[in-house]
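Asks: quick one: sequence plus predicted model below, questions after.
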Amino acid sequence: MTADAAPSTATPTGAASPGIRLTTMAHGGGCACKIPPGELEEAVSALAGQVDESVIVGLDDGDDAAAVRIDGDTAVLSTADFFTPVVDDPYDWGRIAAANALSDIYAMGGDPVVAINLVGWPRDVLPMELLREVLRGGLAVTQEAGVPLIGGHSVDDPEPKYGMAVTGTARPDRLLRNDAARPGRPLTLTKPIGVGLLNNRHKATGEVSEAAVATMTELNRDAAQAALTAGAVAATDVTGFGLLGHLFKMVRASGAGAVLDRSAVPLVEGAADALRDGYVSGGTRRNLDWVREHLRAADGITEEDLLLLADAQTSGGLLVVGEVPGYPIIGEIVEGTGIEVR
């Protein structure tokens, strides 16, 4: 079964508006609706070659947010993230989208200071009451994060979309970058993976995974602070390109390789069952296709294992180079290139 599976007419438990299934109104859901990484890199190559002495982190390595120095002690971080519905409950969708947008700032080692809404809404199809619920969910998470949510921009759009542009600050000498991974350091993952499988099952059947919602709405704030306290200098968050895709971007930018221990990677409750039942999204398959030539799979590693590791996450955890107390170590950075999965 793929993301193109025929939608169910069932209404999930807890949906705010019975009979309206938001996930059936878009071709993909959450970060799985991203443009495939290879195609995206080709498109943004048109922006290459910009030179500005104030830019600390720019376009070159596809990091989580841009970082611009405004004085010796302060860098401004800027990011934007939005996507189509990943769940049917509009309030939960708003919460997930907000946590996901804020994550880019945390993944850089920064503190978000202000957010604005980004909305695409089919106003002739979906009632504005649903949009109010989406915005209310976004506000709940930004309030939890202590970040003011002020205004934004909206368009009349055939597909519903929601997210945020977020501005943050960080110390230039304490940034968590995706080009700073050095051999000999362990890899830590701060959230389980598998929400893409569970979200795809939700879209196809209406079955709600409370475990998936819980992990997607969890802020990466505490994990980022723990990484900084532990002395980490390299990290990224795991979202639409999957664990394998984001790890590959990191080791490629750092001129290093990685070994990944499949058995050490934590899974969201129910993800293994969803994989067994075939709820693999098209975005996940494209992720694996993109990194496959850079993978070495040990004996016993199956195609299903690789699809799981490539699962397109929404509002995933941080992938940190270094040991972060309280979170599992799933591999290490090594000399060489590419990724070995054991």
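Replies: Cool, the structure landed.

Asks: switch to C-alpha atoms for all contacts and neighbour counts from now on
Replies: Fine.

Asks: please tell me how far residue 96 sits from residue 242.
Replies: 17 Å (C-alpha to C-alpha, to the nearest Å).

Asks: what mean pLDDT does the helix or strand containing residue 204 have?
Replies: Using DSSP states H and E, residue 204 falls within helix 195-205. Helix 195-205 carries an average pLDDT of 96.

Asks: equivalent analysis for stretch 219-237, please.
Replies: Average pLDDT, stretch 219-237: 97.

Asks: and that stretch, C-alpha only, in CSV?
Replies: C-alpha atoms of stretch 219-237 as CSV (Å, rounded to 0.1, in the frame of the first residue of the first chain):
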residue,chain,number,x,y,z
LEU,A,219,9.1,20.1,21.4
ASN,A,220,12.8,19.5,20.7
ARG,A,221,13.7,22.2,23.1
ASP,A,222,14.8,20.0,26.0
ALA,A,223,16.8,17.7,23.7
ALA,A,224,18.6,20.6,22.1
GLN,A,225,19.5,22.1,25.5
ALA,A,226,20.8,18.6,26.6
ALA,A,227,22.9,18.4,23.4
LEU,A,228,24.4,21.8,24.0
THR,A,229,25.1,21.0,27.6
ALA,A,230,26.8,17.8,26.6
GLY,A,231,29.1,19.8,24.3
ALA,A,232,27.6,18.7,20.9
VAL,A,233,28.5,20.9,17.9
ALA,A,234,26.7,18.9,15.1
ALA,A,235,23.1,18.0,14.8
THR,A,236,20.1,18.1,12.5
ASP,A,237,16.4,17.2,12.9
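
Asks: quick check: buried residues in that stretch?
Replies: 219-221, 223-228, 232-237 (16 or more other C-alpha atoms under 10 Å).

Asks: at which residues are the helices of the stretch 51-200 of the chain located?
Replies: For the stretch 51-200 of the chain, the helices defined by DSSP state H, counting those that start in this stretch cover 90-107, 128-145, 195-205.

Asks: just the CA atoms of the helix holding residue 204, as CSV, please.
Replies: Taking C-alpha atoms only, helix 195-205 is exported to CSV below (Å, rounded to 0.1, in the frame of the first residue of the first chain):
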residue,chain,number,x,y,z
VAL,A,195,5.5,8.3,12.3
GLY,A,196,5.4,8.3,8.5
LEU,A,197,4.1,4.8,8.5
LEU,A,198,1.5,5.5,11.1
ASN,A,199,0.4,8.7,9.4
ASN,A,200,0.0,6.9,6.1
ARG,A,201,-2.1,4.2,7.8
HIS,A,202,-4.2,7.0,9.4
LYS,A,203,-4.8,8.6,6.0
ALA,A,204,-5.8,5.2,4.4
THR,A,205,-8.0,3.9,7.3
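
Asks: check which helices and strands it sits against.
Replies: helix 210-216, helix 271-276 (3 or more C-alpha pairs under 8 Å, 6 or more residues apart in numbering; DSSP states H and E).

Asks: turn those helices into a markdown table, columns for mean neighbour count, distance to residue 335 and mean pLDDT.
Replies: Formatted as a markdown table, the helices and strands packed on helix 195-205 follow (neighbours: other C-alpha atoms under 10 Å; distance: least, C-alpha to C-alpha, whole Å; pLDDT from 0 to 100):
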| stretch | mean neighbour count | distance to residue 335 | mean pLDDT |
| --- | --- | --- | --- |
| helix 210-216 | 18 | 33 | 98 |
| helix 271-276 | 18 | 32 | 98 |
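
Asks: with distance to residue 203 added, can I get those helices in CSV?
Replies: Listed next are these as CSV, based on distance: least, C-alpha to C-alpha, whole Å:
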stretch, distance to residue 203
helix 210-216, 13
helix 271-276, 12
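
Asks: right, so of these, which gets closest to residue 316?
Replies: Taking C-alpha to C-alpha, helix 210-216 is the member of these nearest to residue 316, at 6.4 Å.

Asks: relative to the whole chain's centre, how far out is the next helix or strand after that closest one?
Replies: Proceeding N to C from helix 210-216, the next assigned helix or strand is helix 221-229, under DSSP H and E. Distance, stretch centre to chain centre, for helix 221-229: 17 Å (C-alpha atoms, centre = their mean, to the nearest Å).

Asks: which outside residues touch helix 221-229?
Replies: The contact list for helix 221-229, computed with C-alpha atoms under 8 Å, 6 or more residues apart in numbering, reads 103, 106-107, 109, 145, 174, 176, 190, 318, 320, 322-325.

Asks: just want the angle from it to helix 90-107.
Replies: Angle of helix 221-229 versus helix 90-107, following axes from the mean of the first three to the mean of the last three C-alpha atoms, to 10 degrees, is 10 degrees.

Asks: on that earlier part again, most widely separated two among the buried residues of stretch 219-237?
Replies: For the buried residues of stretch 219-237, and using C-alpha to C-alpha, no pair is farther apart than 219 and 233, which are 19.7 Å apart.

Asks: and residue 333, its phi and psi?
Replies: Taking degrees, to the nearest 10, you get phi -90, psi 140 for the backbone angles of residue 333.

Asks: just among the contacts of helix 221-229, which is most surrounded?
Replies: Neighbour counts for those (other C-alpha atoms under 10 Å) peak at residue 103, which has 33 neighbours.

Asks: and residue 83, which of the helices of the stretch 51-200 of the chain is closest to it?
Replies: That would be helix 90-107 among the helices of the stretch 51-200 of the chain, by C-alpha to C-alpha, at 7.4 Å.
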